[in-house]
Every structure is written in C-alpha cells, then in structure tokens.
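Colleague: Whatever this is, show me its structure:
(one chain, ligands or ions: 1)
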Amino acid sequence: MTATTTSAIPPVLETRDLHCTFQVRQGMFKPKKPLHAVNGVSLKVNKGDVLGLVGESGCGKSTFARILLGLQAPTSGDVRIDGQATTAFTRKQIARRIQPIFQDPYSSLNPRKTIGTIITLPLSVHGVGDPSEWRGKVERMMDLCGLPKRVYDSYPNQLSGGQRQRVAIARALVMQPEVVICDEPTSALDVSVQSQILNLLQDLRGELGLTYVLISHNLAVVEHMATSVAVMYLGRIVEQSDTDTLFRAPKHPYTEALLASVLTPEPGKGVPDAQLGATFPNPINPPSGCTFHTRCPKVMDVCRQVAPRPLSVDGSSVECHLHDAQRNAA
Ligand code: SF4
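Modeller: Below is the predicted model of the structure:
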C-alpha cells in the first residue's frame, strides 16, 4: 500500500476519499446527529501486499471493511477493484473478488451444515464451474488449508477452534478471490494456534497470489504480516507507511502511543503506559481541530482549532501539526 504509487497497473484495491456518515439519535427526544464513521479515507493496496489497518474499537475499521465487502454503501467516495469503481458491480460480483475472514470461526460457520457443504456453498451460490468438479476443488482447498479429507462430512462443533478457522479460510478462498479482508482473524483463538493460522495465511498469500487487508488491534500480528500499515483514528487515516518505517519511526503521537502500549516480554516492565490519558471521544461530538487533541501529550494551541491535513514526511503520510514546519518549507 502506498498513498502515491504511480504504476501503470492499477492497485488491486483502492479507496478514494471514502466517507460513511450515519445519522444517530443519542436520546429518544433528541434530534439525530451525524456520525462520521469513515471520514475521507484514501488508500491503495497493490497485488500481493498486506495492508494492516490498526486503531482502537470504534475508530471506523469495521465500517470500512463492510464498505469494501459491499455490505455497506459509502455516503460518498469510491472503492475501486483493479481500477474499476465497485458501483459498476453487483454485490455478488464484489463477493467473487473480495472475501472476508471473520474473527469468530464458530459463529461464522453454520452449525447444521457439514464442512464440505460450508466450503462448497460459495461455489453453488455463484455458480462457479461444473458442479461435478466442486468436490475436488473443495478437497484441494481443504488440503491447502491443512484440513484432513476426513472432516469433509464433520460438523463445526466436532472441530477445534483452529480447524474451524481453517474452514473459514478455505470457504473464503475456494472462489479464488483477489482480495481477502481478514478481520481480527486470530483474536478468538488460543494463543497456541494463533501463529499457525497466521503462518497459514502467509503461505496461502504466496501460493495463491492473494492480497490482504488485515484489520487488527494486535500490533505484533500486524508487524509480522503487513507490508504496509494505516493507522485509523475517528474515521481518518492519521498515519500510513510501509511497516518497517511505521514501527521504527512513527510520526504521529497516536501511533507512538499505540506502539508504547504493546506489552513487552521484559520481566518487571509491567503494563506500559499508553499515554492516552483521556478516554476515546464520542464520535458524535468529535473534538474540534485535530480530533486527537484531547488525548495528545504533544498538543499545541493550533491543534484545538485547525484540523491537520495529510503531509508526506520521510516516506510516511501523516496528519499532525508537529510536521507543519516541513509543510511550510516544501
Ligand atoms: Fe497532537 Fe496536535 Fe499532532 Fe493532533 S495535530 S496529533 S493534537 S500534535
């Protein structure tokens, strides 16, 4: 993912100034107010890349994912697949090209269907290929996902959590989508199987030429998997860059605080201070100026009045007045 790639090949996935606003009532007799869940998000993901999307709960990650999957219409802006706006596609056509893997493999699998039926369902719904070939296709995908053939006739409750997530992955990949939205793909799993699933996703990416959008609050997972990272706060991308740059030299105070909040294995260090004193603001009444100013340890007067705009700083795109000197010098 880059904000400024100028390749002749269009990015496999791109959003342009994407907005999604909900009208929300806070009390029975109060008027509705706008909630800007996604507020001007422009991102590009090139084929084979993994875009990590990080941010706290309520920052807009899930709404963004639903828009990419065609489950939620944006208020304005574009989603493009291979350069084509998805408004030209039906929901089914989007599903052929973008598939999700959700957090909880148990609730996302129908408990009354066998594993074989669950993985075959996308092929039958979309009428992909010859039905006589479906079983072979499904068994090949099961094999790629590390599922033994014998579980074809089993039910989800007969499988372990890790196996169920392998089923969810096989179901997502059986139609050979170009992009997979991985929404917290390991957070509901035991720690012991998390790395197996992450390694499987990495292997499948290489083998099938997949592109991932990885939504996670787990920065260690993002650092391990992602080729680039976008940090979201109250519906906006406040920093984006390649993974190494973001983890080595974060430029937005929110990114710095997120990285500081990661537990380290050093004995005696305890739980680190995330430096985010105030609680997450109410998105219906976001703070003026920079929406992070109520929690920012580096807040300045200008931050309370003026919303920062994206600026390119040493290979990163960042929205923060701390870098205004570079903007003025440019
Ligand atoms: Fe902090 Fe100001 Fe930068 Fe916002 S613009 S992150 S308040 S320094």
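Colleague: Just give me the residue closest to the centre of the chain.
Modeller: Closest residue to the average C-alpha location of the chain: Ile215 at 2.9 Å, with C-alpha atoms, centre = their mean.
Colleague: Now do the contacts for that residue.
Modeller: By C-beta atoms under 8 Å, 6 or more residues apart in numbering, the contact set of Ile215 is Leu53, Val54, Lys61, Ser62, Ala65, Ile181, Cys182, Asp183, Glu184. The way it works is simple: take the backbone N, C-alpha and C, and place the C-beta from them, glycine included.
Colleague: my guess is the last one meets Ile101, correct?
Modeller: Put plainly, it is Glu184. No - contact between Glu184 and Ile101 fails when scored by C-beta atoms under 8 Å: they sit 9.3 Å apart.
Colleague: Have a look at these two and say which one is more surrounded.
Modeller: Ranked by neighbour count (other C-beta atoms under 10 Å), Glu184 and Ile101 place Ile101 first, with 23 against 19.
Colleague: Could you report the distance from Leu53 to the ligand?
Modeller: Leu53 sits 19 Å away from the ligand, going by C-beta to the nearest ligand atom, to the nearest Å.
Colleague: How much space separates that residue from Leu219?
Modeller: Using C-beta to C-beta, to the nearest Å, Leu53 is found at 12 Å from Leu219.
Colleague: okay, these two: which has more neighbours?
Modeller: Legend: neighbour count by other C-beta under 10 Å for Leu53 and Leu219, higher for Leu53 (27 against 19).
Colleague: Excluding chain neighbours, give the residue nearest to the more buried one in space.
Modeller: In space, and not counting its chain neighbours, Leu53 is closest to Ile215: 4.9 Å by C-beta to C-beta, 6 or more residues apart in numbering.
Colleague: Beta-bridge partners for that neighbour, please?
Modeller: Legend: beta-bridge partners of Ile215 under DSSP bridges are Leu53, Asp183.
Colleague: Tell me if I'm right that Pro31 and Ile284 touch.
Modeller: No - counting by C-beta under 8 Å, Pro31 does not reach Ile284; the two are 11.5 Å apart.
Colleague: Which one's more surrounded, the two?
Modeller: Each of Pro31 and Ile284 has its neighbours counted (other C-beta under 10 Å); Ile284 has more, 14 against 8.
Colleague: What residues does the more buried one make contact with?
Modeller: By C-beta under 8 Å, 6+ apart, the contact list for Ile284 reads Val24, Gln26, Lys33, Pro34, Leu35.
Colleague: Sticking with the fourth one, tell me its helix or strand.
Modeller: Read that as Pro34. Under the criterion of DSSP states H and E, Pro34 resides in strand 33-45.
Colleague: neighbouring strands for that strand, and are they parallel or not?
Modeller: Applying DSSP bridges, strand 33-45 is found paired with strand 13-24 (antiparallel).
Colleague: Outside of the strand it pairs with itself, list whatever touches it.
Modeller: Applying C-beta under 8 Å, 6+ apart, the contact partners of strand 13-24 are 32-45, 60, 63-64, 67-68, 72, 74-81, 83, 98, 178-179, 211, 213, 284.
Colleague: beta partners for the spatially closest residue to Asp242 that is not a sequence neighbour?
Modeller: Leaving aside its chain neighbours, Asp242 sits nearest to Ser228 (5.0 Å; criterion: C-beta to C-beta, 6+ apart). Counting by DSSP bridges, Ser228 is bridged to Leu51, Asp242.
Colleague: Mind listing what's buried along the helix ranked longest in the chain?
Modeller: Ordering each helix of the chain by length in residues (DSSP state H) puts helix 191-208 first. Residues of helix 191-208 classed as buried by neighbour count (16 or more other C-beta atoms under 10 Å): Val193, Gln194, Gln196, Ile197, Leu198, Leu200, Leu201, Leu204, Arg205.
Colleague: Get me the contact residues on this protein for the ligand.
Modeller: With C-beta under 6 Å from any ligand atom as the criterion, the chain meets the ligand at residues 252-253, 290, 292-293, 296, 298-300, 303, 308, 320-322.
Colleague: Now for the residues you listed: which two are most distant?
Modeller: His252 and Met300 (14.0 Å; C-beta to C-beta).
Colleague: So which of the two has more stuff around it?
Modeller: Neighbours around His252 and Met300, counted as other C-beta under 10 Å, are more numerous at His252. The numbers are 28 against 14.
Colleague: thinking that one is in contact with Ala230, fair?
Modeller: No - His252 is beyond contact range of Ala230, at 11.2 Å (criterion: C-beta under 8 Å).
Colleague: Mind listing the shared neighbours of these two?
Modeller: By C-beta under 8 Å, 6+ apart, the residues touching both His252 and Ala230 are Glu239.
Colleague: which of the contacts of Ile215 count as buried?
Modeller: Leu53, Val54, Lys61, Ala65, Ile181, Cys182, Asp183, Glu184.
Colleague: excluding its backbone neighbours, what's nearest the third one?
Modeller: Using C-beta to C-beta, 6+ apart and skipping residues adjacent in sequence, the residue nearest Lys61 is Ile215, 5.0 Å away.
Colleague: That's all I had, so thanks and see you.
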